[in-house]
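> what would the 3D arrangement of this be:
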Amino acid sequence: MAETVRADERSQPLMRVPRDKTPGELILDDGERTYVLFFVPHGDTLSRVFEDPNRFMPVAVGTVVRMVARASIACMTAHSVHACVPDEEFPQERQRAIVRLKGGTAVRGELRWVAPYGHRRTIDHLNDASHHVVVYDGDYIHFVAKTAIVSVEEY
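So this is what the prediction gives:
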């Protein structure tokens with residue numbers, strides 16, 4: 001007879017590496033929305049999720065740890081208290097926009113980015129080498145994967 005394996009004896013001991021549990025919302029490219037806890041390494045930012053080469057990342061959904069394919073992540077949202085944001089003193093481009101995602105979700109707010117000389121337009125930012133855009137919406141910050149964007153409308 002097969003031995004029963006308890007949840008604490010599975011791969012979850014790997015989660016013992018020091019991480020901040022950041023509350024937020026995860027939107028997948030099919031439009032599914034879920035409130036989660038993101039596991040963010042100390043001193044790191046939520047936006048680094050898009051730069052990580054690992055194909056899967058863990059998130060806590062209730063009492064369960066779910067392994068999510070990074071390629072399926074359209075948007076991660078967190079309260080500004082929990083998301084590391086650039087220093088407001090640093091010069092940034094700003095553009096109010098509606099970002100429409102695969103799966104039908106729309107994210108509305110202000111795009112902000114640091115632009116090199118001669119590349120200040122929104123289209124320049126969308127076509128640069130970064131993997132995501134940042135949309136500020138009041139107290140919330142949306143980290144949107146460029147691969148999940150269908151369109152961006154400026155207003």
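
> where do the domain boundaries of the protein fall?
18-76, 93-154 (automatic domain parsing).

> show the contacting residues for L37.
Contact analysis of L37 by Cβ atoms under 8 Å, 6 or more residues apart in numbering lists 21-24, 59-60. Glycine gets a C-beta too; all of them are placed from N, C-alpha and C.

> make it 6 Å
21, 23, 60 (Cβ atoms under 6 Å, 6 or more residues apart in numbering).

> same check, this time on L111
L111 makes contacts with 95, 97, 133, 135, as judged by Cβ under 6 Å, 6+ apart.

> between those, which sits nearest I73?
Relative to I73, the closest of the contacts of L111 is V133; by Cβ to Cβ it sits at 13.4 Å.

> which helix or which strand is home to the residue lying closest to Q92 once chain neighbours are set aside?
Excluding its sequence neighbours, the residue lying closest to Q92 (Cβ to Cβ, 6 or more residues apart in numbering) is R112, at 4.8 Å. Assigned by DSSP states H and E, R112 belongs to strand 106-113.
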